[in-house]
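[1] dropping the sequence and predicted coords here.
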Amino acid sequence: MKAIVIKSTGSWYKLRLDNGEIIDARIKGKIRLKELNVTNPIAVGDFVEYEQEQTGDDSDAVINKVLPRHNYIIRKSNKLSKQGQIIASNVDLVLMIITLSSPKTSLGFIDRFLVMAGAYHVPVTLVFNKYDLYTDEEKDYCQFLEKLYQSLGYNTVKTSINVLDLNPDKVLMPIISDKKVLISGHSGVGKSTIINAILPDVKQRTDIISVMHARGKHTTTFAEMFYINDTSAIIDTPGIRDFGILDIEKTEIGHYFPEIRELMKYCKFNNCIHLNEPDCAVINAYEAGTMPASRYYNYLSILENNDVFD
């Protein structure tokens, strides 16, 4: 029997069956994925096979196989580990929730996330949330960032729970219709509030921002998928304070920066990594001011130290 994993707590899982029924399940023994060194062999979004095992007078659902994934979002489990943590799998779109203050989402974090999503073929839409709270200066900066990332091929939108025209229900529903959508970002950027706006019956718990650290408190403990209808679902995840790149070779990193990918064909050397090589089209573009400094700096940060967290 087959089902989709809609919640993972590390030892027990919730499965959604084809008829919409939700059941609890556990893993049978140890499931290892040969191609991945991960801390969680089963993730939200996985399609699995399960069976019913008799335990006394009752029967338990037991997962015995994870079906092949067509994509996934993965990060390093921590700074020192060589293992990864699968955030979610079989995702049609990621909504990366960004705030320019309280808390501030760094460009390094945005670019690192986009690289990892690109490496695993997951489209991303950048959502600038809490727009009603931005100062005039922050609104100008938001406009600059939207133009920058739109020029690179990424979709961007603005949302605000307090502005009718920017309410997540109005802005995001056309984007997420008929898709399985992962909602990700730092703690405190408003992921749970957005989910509450789209699905009021879910009532995800929300907390106010930690004033001392200007960072959000973790209000979501485990990843969980919520169905809007039979063809649309959103996946809530614990807030990510840092994001380490995993399993991408240095020579591959530039391919996940669209502007670098476009320029690299003009470099003198086919194996150019755009660090200090002569006649490098990427370096020339940066020095000429036609490639944004933030993008080149963030490329170098990933290139020189994949363990850097933001």
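    Arrived safely, thanks for sending.

[2] now the stretch 1-150 of the chain, which segments are flagged as low pLDDT?
    29-36, 54-59, 77-82 (pLDDT under 70).

[3] same check on the stretch 151-300 of the chain?
    Applying pLDDT under 70 to the stretch 151-300 of the chain flags the ranges 203-222, 239-246.

[4] what ranges does it have for its strands?
    Along the stretch 151-300 of the chain, counting by DSSP state E, counting those that start in this stretch, strands occupy 155-158, 180-184, 224-227, 233-236.

[5] among these, which comes closest to Asp201?
    strand 224-227 (9.1 Å; CB to CB). Quick note: C-beta positions are derived from backbone N, CA and C, even for glycine.

[6] what sits up against the closest one?
    Contacts to strand 224-227, defined as CB atoms under 8 Å, 6 or more residues apart in numbering, come from residues 4-7, 14, 16, 20, 44-45, 88, 180, 195, 199, 202, 233-236.

[7] now do 6 Å
    Applying CB atoms under 6 Å, 6 or more residues apart in numbering, the contact partners of strand 224-227 are Ile6, Lys7, Val44, Leu199, Val202, Ala233, Ile234, Ile235, Asp236.

[8] which of these are buried?
    By neighbour count, with 16 or more other CB atoms under 10 Å, the contacts of strand 224-227 hold Ile6, Lys7, Val44, Leu199, Ala233, Ile234, Ile235, Asp236 as buried.

[9] before we move on, back to that, dump the strands of the stretch 151-300 of the chain to a markdown table, plus distance to Ile97.
    Output for these, formatted as a markdown table (distance: least, CB to CB, whole Å):
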| stretch | distance to Ile97 |
| --- | --- |
| strand 155-158 | 11 |
| strand 180-184 | 6 |
| strand 224-227 | 16 |
| strand 233-236 | 11 |
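
[10] I'd like to know how far the closest residue to Lys179 other than its chain neighbours sits from Gly45.
    Nearest residue to Lys179, sequence neighbours excluded (CB to CB, 6 or more residues apart in numbering): Asp92, at 3.8 Å. Here Asp92 is placed at a distance of 10 Å from Gly45 (CB to CB, to the nearest Å).

[11] list the contacts of the residue nearest in space to the middle of the chain.
    Nearest to the centroid of the C-alpha atoms of the chain, with distances taken as CA atoms, centre = their mean, sits Ser184, at 4.7 Å. Applying CB under 6 Å, 6+ apart to Ser184 gives the contacts Val94, Met96, Thr237.

[12] so what strands line up beside the helix or strand where the first one lies?
    Element membership of Val94 [criterion: DSSP states H and E] is strand 93-98. Each strand paired with strand 93-98, and its direction, by DSSP bridges: strand 124-128 (parallel), strand 180-184 (parallel).

[13] I'd like the ones you listed as JSON lines, with distance to Glu51 appended.
    Below are the strands paired with strand 93-98 laid out as JSON lines (distance: least, CB to CB, whole Å):
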{"stretch": "strand 124-128", "distance to Glu51": "36"}
{"stretch": "strand 180-184", "distance to Glu51": "25"}
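
[14] the ones you listed: which one's closest to Val282?
    The nearest among those, by CB to CB, is strand 124-128 at 22.1 Å.

[15] quick one: contacts of that closest one?
    Contact partners of strand 124-128, identified using CB under 6 Å, 6+ apart, comprise 94-98, 114, 117, 142, 149, 154-159.

[16] stretch 44-54 now?
    Residues outside stretch 44-54 that contact it (CB under 6 Å, 6+ apart) are 1-2, 4-5, 8, 25, 59-67, 88-90, 223, 225, 235.

[17] list only buried entries from these.
    When the contacts of stretch 44-54 are checked for burial by 16+ other CB under 10 Å, the buried set is 4-5, 8, 25, 61-63, 66, 88-90, 223, 225, 235.

[18] check contacts around Ser160.
    Ser160 is in contact with Tyr131, Asp132, Leu166, counting by CB under 6 Å, 6+ apart.

[19] please redo it, this time with the cut-off set to 7 Å
    Lys130, Tyr131, Asp132, Leu166 (CB atoms under 7 Å, 6 or more residues apart in numbering).

[20] let's see if you can find the most crowded of these.
    Highest neighbour count within the contacts of Ser160, by other CB atoms under 10 Å: Lys130, with 24 neighbours.

[21] and the gap between the closest residue to it other than its chain neighbours and His186?
    Distances taken as CB to CB, 6+ apart put Thr99 closest to Lys130, at 5.2 Å, once the chain neighbours are dropped. Distance, Thr99 to His186, by CB to CB: 8 Å.

[22] name the residues contacting each of those two.
    Counting by CB under 7 Å, 6+ apart, the residues touching both Thr99 and His186 are Thr105.

[23] picking that back up, next, format the buried ones among the contacts of stretch 44-54 as a markdown table and append distance to Lys76 and secondary structure.
    Below are the buried ones among the contacts of stretch 44-54 laid out as a markdown table (distance: CB to CB, whole Å; DSSP: H, G, I helix; E, B strand; the rest coil):
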| residue | distance to Lys76 | secondary structure |
| --- | --- | --- |
| Ile4 | 26 | strand |
| Val5 | 22 | strand |
| Ser8 | 18 | strand |
| Ala25 | 27 | strand |
| Ala61 | 31 | strand |
| Val62 | 30 | strand |
| Ile63 | 25 | strand |
| Val66 | 21 | strand |
| Ala88 | 16 | strand |
| Ser89 | 17 | strand |
| Asn90 | 21 | coil |
| Ala223 | 17 | coil |
| Met225 | 23 | strand |
| Ile235 | 20 | strand |
